[in-house]
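Chemist: sequence? don't have it. structure:
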């Protein structure tokens, strides 16, 4: 059986990210592959910064112009 298990390595120990369905004291073989985060993918802080800039338009009452572009 082959199964990919995600873990984080910290303080000399692999800490599992999700539960693993294996019997106790089961011997396994581990192949380590480093997962690199995508540098181009924006984080949540980046998204909030973009939304904050778009929201700060200087318009105080956006609802007053709600129907401006309606046919």
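Modeler: Sure thing, it's come through. The structure displayed is predicted, hence computed values, not measured ones.

Chemist: can we go C-alpha only for contacts and neighbour counts from here?
Modeler: OK.

Chemist: helices of this protein, start to end?
Modeler: Secondary structure of the chain (DSSP state H): helices at 44-55.

Chemist: low-confidence stretches in it?
Modeler: 37-40, 54-57, 62, 71 (pLDDT under 70).

Chemist: can you pull up the most central residue in it?
Modeler: Centroid check for the chain by Cα atoms, centre = their mean gives residue 43 as the closest residue, at 7.1 Å.

Chemist: for residue 9, give the beta-bridge partners.
Modeler: Note on residue 9: beta-bridge partners by DSSP bridges are residue 14.

Chemist: strands of the protein, start to end?
Modeler: Along the chain, the stretches classed as strands by DSSP state E are 7-10, 13-16.

Chemist: would you turn the ones you listed into JSON lines with mean neighbour count?
Modeler: Shown next, in JSON lines, are the strands of the chain (neighbours: other Cα atoms under 10 Å):
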{"stretch": "strand 7-10", "mean neighbour count": "10"}
{"stretch": "strand 13-16", "mean neighbour count": "11"}
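
Chemist: so which of those strands comes closest to residue 61?
Modeler: strand 7-10 (47.7 Å; Cα to Cα).

Chemist: other SSEs contacting the closest one?
Modeler: strand 13-16 (3 or more Cα pairs under 8 Å, 6 or more residues apart in numbering; DSSP states H and E).

Chemist: who are the packing partners of the strand it packs on?
Modeler: strand 7-10.

Chemist: any residues touching the strand it packs on, and which ones?
Modeler: Residues outside strand 7-10 that contact it (Cα atoms under 8 Å, 6 or more residues apart in numbering): 14-18.
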